[in-house]
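>>> I'll drop the sequence and a predicted model, then ask my questions.
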Amino acid sequence: MNYSKIHINPISPAPTSGSVLVIYTGGTLGMVYETKDRQLVPFNFEQIIEKVPEISRLDFEITFLSLPKPIDSSNVNPEIWVELAQIIGTHYDQYDSFVILHGTDTMAYTASALSYLLENLNKPVILTGAQLPIGVARSDARENVITALELAAARNPDGTPIIAEVCIYFNSSLLRGNRSKKKESSDFNAFHSENYPPLATAGVHIDYNFPYIKPYQQNAGLIVHSSLNTRVAFLKMFPGISPEVVQAILGIENLRGIVLETFGAGNATTDIWFLSAISKAIEKEIVIFNVSQCDGGRVAQGQYQTSKYLQQAGVVSGSDITAEAAITKMMFVFGIETDYQKCVQLLGTPLRGEMSI
């Protein structure tokens with residue numbers, strides 16, 4: 001596939017501190033106002049310096065790569081995740097770090113999926129975007145892009161990258177990608193990580209939260225996975241949920257797994273019909289992954305009687321994983337493994353720091 005590229009050398013003649021590949025996928029960030037038709041349209045990335053002149057003052061090389069056709073993040077799908085992972089894999093030895101410009105609506109899904117697809121990742125992959133288009137006067141795009149680039153290029157005294165994992169940078173906070181969730185649609189502080197501290201906070205200086213940053217691994221060889229199985233679904237509990245709804249979802253043809261969004265600490269109704277439906281699904285080797293509906297929640301199966309029955313039936317505890325990280329983890333696990341018990345084991349085990357033990 002053909003991708004358009006723009007290379008930017010730093011103004012300073014001094015040695016640069018590395019190279020960053022920026023991958024533009026689409027989204028609000030890359031929009032400008034067209035006065036003729038009075039509408040927002042994607043801008044030509046050859047104009048990136050015109051829109052963000054500060055980029056040329058950074059002391060590292062930057063290459064912009066744009067997907068052939070920018071897409072709204074609502075249209076992002078697993079094929080795009082695999083494509084992004086392969087782009088990073090193809091350019092992994094050429095660049096020191098990667099920044100992905102992405103729409104906000106599905107950014108947490110993409111960050112989670114990439115964390116699984118890029119096994120043994122040892123370089124920064126930072127996703128960012130904006131709540132307002134880059135062509136709007138009050139846009140948050142410039143700060144988000146500039147700081148994401150600086151974070152991607154940041155190095156330890158020994159020359160190794162400070163960040164060596166998939167992250168989201170937004171509104172002064174660097175978050176672990178598979179711990180993030182979009183919580184605001186009309187506020188610049190759009191992303192939160194309720195169950196894991198920020199990796200860094202950008203103010204006058206960038207303060208790194210080193211105890212929570214994944215350590216750099218010497219001699220780690222990147223493995224790019226390319227298989228995701230989408231035979232998965234969400235089942236969200238609510239008071240009054242009917243047997244017909246539950247049976248319709250659990251009865252989906254060729255279904256491999258369900259992310260069961262439960263109340264509080266992993267609780268669900270103890271109605272006989274519901275527990276029977278869950279047990280029968282597990283007997284058919286449909287994996288049930290228990291995730292709390294609470295943003296800051298953690299599943300503790302067996303703590304209450306209403307979750308004890310799920311544990312006894314063989315439902316897998318998702319601990320404090322987000323729904324976004326859970327559904328993409330299911331796709332990943334089912335893409336690399338067909339054995340039911342091995343899938344259960346992998347889902348219940350932290351793979352990329354997405355959940356606590």
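Yep, that arrived.
>>> where does this protein have low pLDDT?
Counting by pLDDT under 70, the chain has low-confidence residues at 1-2, 9-17, 30-50, 135.
>>> so who does the residue nearest the centre of the chain touch?
Nearest to the geometric centre of the chain sits A111, at 1.8 Å (Cα atoms, centre = their mean). Taking Cβ atoms under 8 Å, 6 or more residues apart in numbering as the criterion, A111 is in contact with L127, V166, C167, I168, G177, N178, S180. To be clear about C-beta, it is placed using only N, CA and C from the backbone, and glycine gets the same treatment.
>>> From those residues, pick the one nearest Q341.
Lowest distance from Q341 to the contacts of A111 (Cβ to Cβ) belongs to N178, with 23.8 Å.
>>> The closest one touches E354, doesn't it?
Yes. Counting by Cβ atoms under 8 Å, E354 is a contact partner of N178 at 4.0 Å.
>>> Mutual contacts of these two, please.
With Cβ under 8 Å, 6+ apart as the test, N178 and E354 both reach S112, S115, T322, A325.
>>> how much distance is there from the helix or strand containing the first one to the middle of the chain?
Here S112, judged by DSSP states H and E, is contained in helix 107-117. A distance of 3 Å separates the centroid of the chain from that of helix 107-117, by Cα atoms, centre = their mean, to the nearest Å.
>>> Put the alpha carbons of that helix into PDB.
The C-alpha trace of helix 107-117 is given here as PDB (Å, rounded to 0.1, in the frame of the first residue of the first chain):
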ATOM      1  CA  MET A 107      -8.200   5.800  20.600                       C
ATOM      2  CA  ALA A 108      -8.300   3.700  23.800                       C
ATOM      3  CA  TYR A 109      -9.300   0.700  21.800                       C
ATOM      4  CA  THR A 110      -6.500   1.200  19.300                       C
ATOM      5  CA  ALA A 111      -3.900   1.800  22.000                       C
ATOM      6  CA  SER A 112      -5.000  -1.400  23.800                       C
ATOM      7  CA  ALA A 113      -5.000  -3.500  20.600                       C
ATOM      8  CA  LEU A 114      -1.500  -2.200  19.600                       C
ATOM      9  CA  SER A 115      -0.100  -3.100  23.100                       C
ATOM     10  CA  TYR A 116      -1.000  -6.700  22.400                       C
ATOM     11  CA  LEU A 117      -0.100  -6.800  18.700                       C
END
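>>> Can you name the next helix or strand after it?
The C-terminal neighbour of helix 107-117 among helices and strands, as given by DSSP H and E, is strand 118-119.
>>> so which helix or strand takes in V20?
Per DSSP H and E: strand 19-24 holds V20.
>>> actually A326, sorry about that
According to DSSP H and E, A326 maps onto helix 323-336.
>>> ok, residues contacting that helix?
Helix 323-336 is contacted from outside by 78, 81, 108-109, 112-113, 115-117, 178-181, 225, 227-232, 234, 256-257, 259, 261, 287, 289, 291, 318, 321, 343, 346-347, 351, 354-355, using Cβ under 8 Å, 6+ apart.
>>> Tell me where this protein has helices.
With DSSP state H as the definition, the chain shows helices at residue ranges 48-51, 78-90, 107-117, 141-153, 243-250, 272-283, 305-313, 323-336, 340-347.
>>> can you list those helices in TSV and add distance to D207?
Below are these laid out as TSV (distance: least, Cβ to Cβ, whole Å):
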stretch	distance to D207
helix 48-51	28
helix 78-90	27
helix 107-117	21
helix 141-153	12
helix 243-250	44
helix 272-283	45
helix 305-313	38
helix 323-336	25
helix 340-347	34
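>>> of those helices, which approaches I6 most closely?
helix 48-51 (6.5 Å).
>>> okay, the helices of the chain, which one's buried deepest?
helix 107-117 (a mean of 28; mean count of other Cβ atoms under 10 Å).
>>> Report the inter-axis angle for that one versus helix 323-336.
Inter-element angle recorded for helix 107-117 and helix 323-336: 30 degrees (by axes from the mean of the first three to the mean of the last three Cα atoms, to 10 degrees).
>>> Hey, what's the angle from helix 107-117 to helix 78-90? Just curious.
50 degrees.
>>> Can you get me a residue count around the nearest residue to H91 once chain neighbours are set aside?
Spatially, and ignoring its direct neighbours in sequence, H91 is nearest to L21 (5.4 Å; Cβ to Cβ, 6 or more residues apart in numbering). The local packing of L21 (other Cβ atoms under 10 Å) involves 24 other residues.
>>> L21 contacts I100, correct?
No. Taking contacts as Cβ under 8 Å, L21 lies outside contact range of I100: 9.4 Å.
>>> the domain parsing of this structure - what is it?
4-224, 232-347 (automatic domain parsing).
>>> got the buried residues for stretch 312-321?
A313, V315, V316, S317, G318, S319, D320, I321 (16 or more other Cβ atoms under 10 Å).
>>> actually stretch 51-60, sorry about that
K51, V52, I55, L58, F60.
>>> Could you measure from V232 over to L347?
Taking Cβ to Cβ, to the nearest Å as the measure, V232 falls 11 Å from L347.
>>> Quickly list what's touching both of the two.
G257, M330.
>>> about what we covered before: quick one: which of the helices of the chain is nearest A200?
helix 141-153 (6.5 Å).
>>> Between strand 19-24 and the closest one, find me the angle.
If you take the same axes, to 10 degrees, helix 141-153 sits at 140 degrees to strand 19-24.
>>> what's in contact with helix 141-153?
Here helix 141-153 has contacts from 17-18, 20, 22, 28-29, 51-52, 54-55, 58, 60, 62, 96-99, 101, 124, 126, 128-130, 132-134, 162-163, 167, 169-172, 174, 200, 202, 206, using Cβ under 8 Å, 6+ apart.
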